[in-house]
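*Asks:* Return a 3D structure for these sequence lines:
(2 chains)
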Amino acid sequence: GENVEQHPSTLSVQEGDSAVIKCTYSDSASNYFPWYKQELGKRPQLIIDIRSNVGEKKDQRIAVTLNKTAKHFSLHITETQPEDSAVYFCAPREGAQKLVFGQGTRLTINP
Amino acid sequence: DTEVTQTPKHLVMGMTNKKSLKCEQHMGHRAMYWYKQKAKKPPELMFVYSYEKLSINESVPSRFSPECPNSSLLNLHLHALQPEDSALYLCASSHPRGVGEQYFGPGTRLTVT
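*Replies:* Numbering: from 1, shown residues only, chains lettered A, B, ... in the order given. Take a look at the predicted model:
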C-alpha cells in the first residue's frame, strides 16, 4: 500500500510570505495528487490537485508541483493571508478511489 | 449542487445502543465513502461503495456496518461501539472511475460513552 510522509508538521509564516509543504509517497502507480485544506471543525476541502502527466499547476496564489521520479509533490502558497491558517493534507490516490492522507501540516499565518 | 450532507451533526451514544449515520448527495456520483477522523489526525478510509456495491472495506470491525440503499444515500449503522470509536465520521462522494475530486460532507461528531 501507499506510504505517505508530509513535512513539516507545523509551519508558521508572516503574513505576505510564502509557505511550502512537501509530500512524499511510495506507490509509483499513483497518478492523482490532491491537497486538502481543513479549517477547525470543518470538512476537508480540495484546494488544488495535479495529475501525473503534468509537472505544475497554478490557481491564483496556490500552486502544486510534482516530481514523479522522486515521488514527491509540494504545495506552494504565496502572499499568505490570515485565512490561509488551517491544516493542510496531501492525499495521493492509491488505485482508482483510495486517498491516502498524509499526517497534515498545521499552517499558522502571523499578522 | 456540489454538496454532501450528513445527519446528525452530533451523536452521543452508549456502548449498548444502536444508531445510524446518514449521508446524501445529489451530484450523480456513483462512488461514496466513509472516513473516520480522530482529533488532530488525518481522515482514515473505512469503506468505499462503487455503483452501490461495497468495493473497499479497510478491515473495519463488524460493529460498523455500511449500507448503500441507492445511488444518493449512504448509511453507517453502529452497534456496540467502544469509547475509542469516538471521532468525526466523514462521508464523501466522487465519480467512481478516478475522475475528479472527492467531495466531503461536514461530518458527524460521534461520542461513545
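
*Asks:* residues contacting residue 55?
*Replies:* As the question left the chain open, I've gone with chain A. Shown in contact with A:G55 (Cβ atoms under 8 Å, 6 or more residues apart in numbering or on different chains): A:65-67. C-beta: built from backbone N, CA, C; applies to glycine.

*Asks:* was after chain B, sorry
*Replies:* Counting by Cβ under 8 Å, 6+ apart, B:S55 touches A:97, B:31, B:48-49.

*Asks:* hmm, back to that, just put the contacts of A:G55 in a markdown table and tack on pLDDT and secondary structure.
*Replies:* Written out in a markdown table, the entries for the contacts of A:G55 read as follows (pLDDT from 0 to 100; DSSP: H, G, I helix; E, B strand; the rest coil):
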| residue | pLDDT | secondary structure |
| --- | --- | --- |
| A:T65 | 97 | strand |
| A:L66 | 96 | strand |
| A:N67 | 95 | strand |
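
*Asks:* ok, which residues in chain B are in contact with chain A?
*Replies:* Contact residues of chain B with respect to chain A, defined by Cβ under 8 Å from any Cβ of the partner chain, are listed as B:31, B:33, B:40-45, B:48, B:50, B:55-56, B:90, B:94, B:96-98, B:101-107.

*Asks:* Return the members of the residues you listed classed as buried.
*Replies:* B:31, B:33, B:42-45, B:48, B:50, B:56, B:90, B:94, B:96, B:101-107 (16 or more other Cβ atoms under 10 Å in any protein chain shown).

*Asks:* Please, where are all the strands along chain B?
*Replies:* For chain B, the strands defined by DSSP state E occupy B:4-7, B:10-13, B:18-25, B:31-37, B:44-50, B:53-57, B:64-70, B:73-79, B:87-94, B:103-104, B:108-112.

*Asks:* JSON lines please, covering those and showing distance to A:T24 and mean pLDDT.
*Replies:* Putting the strands of chain B into JSON lines (distance: least, Cβ to Cβ, whole Å; pLDDT from 0 to 100) gives the following:
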{"stretch": "strand B:4-7", "distance to A:T24": "29", "mean pLDDT": "97"}
{"stretch": "strand B:10-13", "distance to A:T24": "36", "mean pLDDT": "97"}
{"stretch": "strand B:18-25", "distance to A:T24": "32", "mean pLDDT": "98"}
{"stretch": "strand B:31-37", "distance to A:T24": "22", "mean pLDDT": "97"}
{"stretch": "strand B:44-50", "distance to A:T24": "19", "mean pLDDT": "96"}
{"stretch": "strand B:53-57", "distance to A:T24": "24", "mean pLDDT": "95"}
{"stretch": "strand B:64-70", "distance to A:T24": "31", "mean pLDDT": "97"}
{"stretch": "strand B:73-79", "distance to A:T24": "32", "mean pLDDT": "98"}
{"stretch": "strand B:87-94", "distance to A:T24": "24", "mean pLDDT": "97"}
{"stretch": "strand B:103-104", "distance to A:T24": "24", "mean pLDDT": "95"}
{"stretch": "strand B:108-112", "distance to A:T24": "32", "mean pLDDT": "97"}
